[in-house]
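# Coordinates only, no sequence provided:
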């Protein structure tokens, strides 16, 4: 059909922006989306990863904290750990590598020009435009991720404390935050830290132009359309329970102003889709700490009625405040405090039995949560990927999960077809030093309905 041909030739987002509300509703029914995430646990079909490259080697002890790392990390070790993650996911889904998708859209002149203009303007180096424009797409894709060293060809540059004109992107392998799919639409993130904004621009361009990622447009364009420093939103704070329920973390990375905008955007999208039933958002107000930068550092869904949680902030005396927002189709909103996240879920008809990160010992809980022990990624109902945290894994075993190493699963893929709940463990001692776990490193694009 004509609409599908137009979508595949250019900007998916501008196609949808050009339509009236009636036309959007009409085309949503006609055009089948190639993306769709309606839960955290639906069988995974497409997922974004970025295999760490030389950009990670660009960090120094002095620059690590500025780049959001606790310390420099060892390249060979994170490559090995990430390769395990990719190998497992490749057995159960189609893996989209960011660098490959970026190279493919850079073959389109419109996408190339727009992305270069945005990145170079933001990073303050427009003088690189001609040099980069002449690069082949594969070289340009690599350069946008690994950076361009500052040329010492003037007194200003000679005396500059900068190392790069175009800064490298060592956080790129944490795919979850810079964009996300909710329903059949894309949220383009506004990052809280300026060092990650280029990542968001790259992911927005890939969703906008890649033919295998056509959906029903943007749900929220925070990347392009808002320069308010109090308006930031990142994917680690968004958890999709079902079509009518989201969990959202209010954190150092996601603000209330952005969540208010997200609520209005969801309402508009549901109107276009003809949905008239109310929807709910549970907002979790997180402590402003390094270990709780996102909601998925204290809560991730492992099965239909099970979640791995950091008990002190979900159920304990220090539990985070939770506000339920109930939104009717006419836009009426009701706000209510609930006692905790688990009871908040029950108040909207969702049972979720907690599995304690670190088990029942407070010392183990703190140590394993710090190293992303509550950050698991589901590739099917009851099938999750985790780092090797002894006490968290023991708690998962007690809750009915079988533990299998990534090495064994790669050698014997039939293990992944087990009918019992399963935790696949990857080596994460170095990966976690970047400040995230398996959910942080994955961005699901398409899942089956549950």
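Great, that's in hand. Given the structure is predicted, the values throughout are model-derived calculations rather than measurements.
# From the chain's centroid, how far away is stretch 316-335?
Taking CA atoms, centre = their mean, to the nearest Å, one finds stretch 316-335 lying 23 Å from the centre of the chain it belongs to.
# Any idea how far apart the tips of that stretch sit?
Terminal residues of stretch 316-335 lie 23 Å apart, using CA to CA, to the nearest Å.
# buried set for it?
By 16 or more other CB atoms under 10 Å, the buried positions in stretch 316-335 come out as 319, 320, 322, 323, 324, 325, 327. Backbone N, C-alpha and C define where each C-beta goes, glycine included.
# Look at residue 344 and say how many residues are nearby.
22 (other CB atoms under 10 Å).
# State the distance from residue 81 to residue 372.
Residue 81 sits 12 Å away from residue 372, taking CB to CB, to the nearest Å as the criterion.
# Which neighbours do these two have in common?
residue 428 (CB atoms under 8 Å, 6 or more residues apart in numbering).
# Assign the one residue sitting closest to the centre of the chain to helix, strand or coil.
In the chain, the residue lying closest to the centroid (CA atoms, centre = their mean) is residue 176, at 1.6 Å. Three-state assignment for residue 176 (DSSP: H, G, I helix; E, B strand; the rest coil): coil.
# which non-adjacent residue is nearest residue 56?
residue 170 (4.8 Å; CB to CB, 6 or more residues apart in numbering).
# Show me where the stretch 51-200 of the chain has its strands.
For the stretch 51-200 of the chain, the strands defined by DSSP state E, counting those that start in this stretch cover 94-97, 148-149, 164-166, 179-182, 185-188.
# Tabulate these (TSV), appending mean pLDDT and mean neighbour count.
Formatted as TSV, the strands of the stretch 51-200 of the chain follow (pLDDT from 0 to 100; neighbours: other CB atoms under 10 Å):
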stretch	mean pLDDT	mean neighbour count
strand 94-97	98	16
strand 148-149	90	15
strand 164-166	90	18
strand 179-182	97	25
strand 185-188	97	26
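# Residue 442 is nearest to which of the ones you listed?
strand 94-97 (9.5 Å; CB to CB).
# Quick one: residues contacting the nearest residue to residue 212 once chain neighbours are set aside.
Spatial nearest neighbour of residue 212, chain neighbours left out: residue 34 (5.9 Å); criterion: CB to CB, 6+ apart. For residue 34, the contact set (CB under 8 Å, 6+ apart) comprises 212, 213, 214, 215, 446.
# What score does residue 150 have for pLDDT?
For residue 150, the pLDDT comes out at 88.
# Could you tell me how many residues sit around it?
Neighbours of residue 150 (other CB under 10 Å): 17.
# got it, and residue 144?
29.
# returning to what we had before: quick one: which of residue 81 and residue 372 has more around it?
residue 372 (29 against 20).
# Tell me the spacing between residue 150 and residue 116.
18 Å.
# Just to be sure, residue 392 is in a helix?
Yes: Residue 392 sits within a helix when classified using three-state DSSP.
# For it, give me its contacts.
Residue 392 makes contact with 308, 355, 356, 357, 358, 359, 368, 373, 374, 386, according to CB under 8 Å, 6+ apart.
# what about the helix or strand that contains residue 313, distance to the chain center?
In the assignment (DSSP states H and E), residue 313 maps to helix 311-314. The chain centroid and the centroid of helix 311-314 are separated by 23 Å, computed with CA atoms, centre = their mean.
# repeat for stretch 275-285
The mean C-alpha position of stretch 275-285 is separated from the chain mean by 20 Å, CA atoms, centre = their mean.
# what's the answer for stretch 432-450, then?
For stretch 432-450, the distance to the chain centre is 6 Å (CA atoms, centre = their mean).
# for stretch 127-134, same thing?
30 Å.
# list the contacts for residue 192?
Residues in contact with residue 192 (CB under 8 Å, 6+ apart) are 232, 234, 252, 253, 254.
# go with 10 Å
With contact set as CB atoms under 10 Å, 6 or more residues apart in numbering, residue 192 has these partners: 68, 177, 229, 232-234, 251-255, 258, 293.
# Could I get those residues in CSV, plus columns for pLDDT and neighbour count?
Listed next are the contacts of residue 192 as CSV, based on pLDDT from 0 to 100; neighbours: other CB under 10 Å:
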residue, pLDDT, neighbour count
68, 59, 18
177, 94, 29
229, 82, 10
232, 96, 21
233, 97, 29
234, 96, 30
251, 95, 25
252, 92, 19
253, 94, 24
254, 97, 30
255, 96, 20
258, 96, 26
293, 92, 24
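# with the residues you listed in mind, which one is nearest to residue 105?
Nearest member of the contacts of residue 192 to residue 105, counting by CB to CB, is residue 177, at 20.3 Å.
# about what we covered before: so which of the contacts of residue 392 sit within helices?
residue 368 (DSSP state H).
# now the contacts of residue 392 as TSV including distance to residue 100, pLDDT and neighbour count?
Below are the contacts of residue 392 laid out as TSV (distance: CB to CB, whole Å; pLDDT from 0 to 100; neighbours: other CB atoms under 10 Å):
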residue	distance to residue 100	pLDDT	neighbour count
308	31	98	30
355	35	98	24
356	39	98	26
357	34	98	33
358	37	98	27
359	40	97	22
368	34	95	24
373	31	95	31
374	31	97	32
386	27	97	29
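# ok, and the residue nearest to residue 212, which helix or strand is that part of?
Per DSSP H and E, there is no helix or strand for residue 34.
# That one and residue 378: what is the separation?
Plainly put, residue 34 is 21 Å away from residue 378 if you go by CB to CB.
# What of residue 141?
29 Å.
# Which one of those two is surrounded by more residues?
Legend: neighbour count by other CB under 10 Å for residue 141 and residue 378, higher for residue 378 (24 against 21).
# which residues touch the more buried one?
Residue 378 makes contact with 39-44, 300-303, 384-385, 438-439, 442, 444, 447, according to CB under 10 Å, 6+ apart.
# Show me the shaky parts of this structure.
Residue ranges of the chain with pLDDT under 70: 1-9, 59, 61-72, 226.
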